[in-house]
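*Asks:* Got a sequence here, can you build the structure:
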Amino acid sequence: ASGVWSLTSQRIAKSQGTWPKPAIGSFTANYLVVAGGGSGGGPGGVPGGGGAGGLTSVTCVTFNGGDSFTVTIGGGGSVAPSNNRGGSGTASSFTGGPPSVCTSTTGGGGGGINIPGFNTGGPGGSGGGGSGAQNGSTGGTGVCGQGNPGGTGGPGPSNGGGAGGGGAAVAGSNYNTGGTGGGPGGDGSDLSPIYGTGFGADCGYFAGGGGGAQPAGPAPITGGLGGLGGGGDGGNLPATPGSGGTANTGGGGGARQSGGSGIVLVKVPSAVAGSLTVAPGTNTLTTQPCGAQIAKFTVSGTLDVDSH
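*Replies:* Residues are numbered from 1 along each chain as shown. Below you'll find the predicted structure:
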């Protein structure tokens, strides 16, 4: 009869991949958007750490079959020139639908340097740390809901450590007159309950702040450690350089170092796993043991959901 598939026709169609697929309706998804982290203050003084890139985590949002999304990945702030505040990271975004999805996060602020006009930390998703040796330079402000402010730097040469940059979960620490002179960066957010421990840094953290520098001095006076989630260490200047923010975490850079680039993650349930397409090929799809699928974007691109 017309419109009826014989068993033989069904087997052939399924083996050739031409068997009709059911339409994909509405389903719930989770996504994470992290901007690029700011860099630490530049050479020539006692810099603060860079602030983490802004972070937004959205859960249980409605997607539909046939939806298309555009993804922008923000870069980390570049290493600053001598005697300059650190560079700001750039924004990341995830937009598309319908229904309309539009989420953008702000790049992290740069760390301050003890030069007039550049001593305070820059504002950003999370703020950069204030410089040391500059009468208590304040940290930059963070964007509400995306990050936290940077800490305040030390007031003079004898206790003049730079402050830590803010992280997504915790503000940057002030200079420390005890065992570590530079302030640690603020910790980032732990997203492992949603995305597992295989993404981000430190087993699932994102957007940690960079540590502030400490002027050269006897042990155990050192620079501040970077915050959990890819924040770079501050270093003990000039002998021990800091470290940069970890790529694709939004971590802030340690003193005199670059910030880490941002990231976007999208997680869909097992019922629609296999329906996602990412471009370009640098971006990846990973299926978790539970069957859910995660799209990981480390460069700007597109995400498409099949309609069937």
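*Asks:* which residues does residue 81 contact?
*Replies:* Contacts for residue 81 (Cβ atoms under 8 Å, 6 or more residues apart in numbering) come out as 42, 43. In short, each C-beta sits where N, CA and C put it, glycine included.
*Asks:* I'd guess it is in a helix, am I close?
*Replies:* No: assessed by DSSP: H, G, I helix; E, B strand; the rest coil, residue 81 does not belong to a helix; its assignment is coil.
*Asks:* Quick check: it vs residue 243, distance?
*Replies:* 19 Å (Cβ to Cβ, to the nearest Å).
*Asks:* What of residue 87?
*Replies:* Applying Cβ to Cβ to residue 87 and residue 243 gives a distance of 16 Å.
*Asks:* Between the two, which is the more surrounded one?
*Replies:* residue 87 (30 against 24; other Cβ atoms under 10 Å).
*Asks:* what's the helix or strand for the more buried one?
*Replies:* Assigned by DSSP states H and E, residue 87 belongs to no helix or strand.
*Asks:* Off-centre distance for stretch 169-185?
*Replies:* The gap between where stretch 169-185 is centred and where its chain is centred comes out at 20 Å by Cα atoms, centre = their mean, to the nearest Å.
*Asks:* Residue numbering should commence at 25 henceforth.
*Replies:* Sure thing, new numbering starts at 25, so read that last one as stretch 193-209.
*Asks:* buried ones in that stretch?
*Replies:* 193-200, 204-209 (16 or more other Cβ atoms under 10 Å).
*Asks:* Show me which pair in those residues is furthest apart.
*Replies:* Greatest spatial distance among the buried residues of stretch 193-209 (Cβ to Cβ): 193 and 205, at 23.8 Å.
*Asks:* The residue nearest the centre of the chain: what secondary structure?
*Replies:* What sits nearest the mean C-alpha location of the chain, by Cα atoms, centre = their mean, is residue 274, with 2.4 Å. Three-state call for residue 274 (three-state DSSP): coil.
*Asks:* Residue 76 versus that one, what's the distance?
*Replies:* Counting by Cβ to Cβ - residue 274 and residue 76 are separated by 5 Å.
*Asks:* likewise residue 60?
*Replies:* According to Cβ to Cβ, residue 60 and residue 76 sit 9 Å apart.
*Asks:* rewinding a little: overlap of the contact sets of residue 274 and residue 76?
*Replies:* By Cβ under 8 Å, 6+ apart, the residues touching both residue 274 and residue 76 are 61, 132, 149, 192, 212, 231, 253, 254.
*Asks:* top of the residues you listed by neighbour count?
*Replies:* residue 132 (57 neighbours).
*Asks:* what about it, which helix or strand?
*Replies:* Per DSSP H and E: residue 132 is located in neither a helix nor a strand.
*Asks:* Do I have it right that it meets residue 189?
*Replies:* Yes: the criterion here is Cβ atoms under 8 Å, and residue 132 meets it with residue 189 at 6.7 Å.
*Asks:* shared neighbours of those two, which are they?
*Replies:* Joint contacts of residue 132 and residue 189 (Cβ under 8 Å, 6+ apart) are 61, 62, 74, 75, 76, 150, 151, 152, 233, 276.
*Asks:* now the residues you listed as JSON lines including pLDDT?
*Replies:* Listed next are the shared contacts of residue 132 and residue 189 as JSON lines, based on pLDDT from 0 to 100:
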{"residue": "61", "pLDDT": "98"}
{"residue": "62", "pLDDT": "98"}
{"residue": "74", "pLDDT": "98"}
{"residue": "75", "pLDDT": "98"}
{"residue": "76", "pLDDT": "98"}
{"residue": "150", "pLDDT": "98"}
{"residue": "151", "pLDDT": "98"}
{"residue": "152", "pLDDT": "98"}
{"residue": "233", "pLDDT": "98"}
{"residue": "276", "pLDDT": "98"}
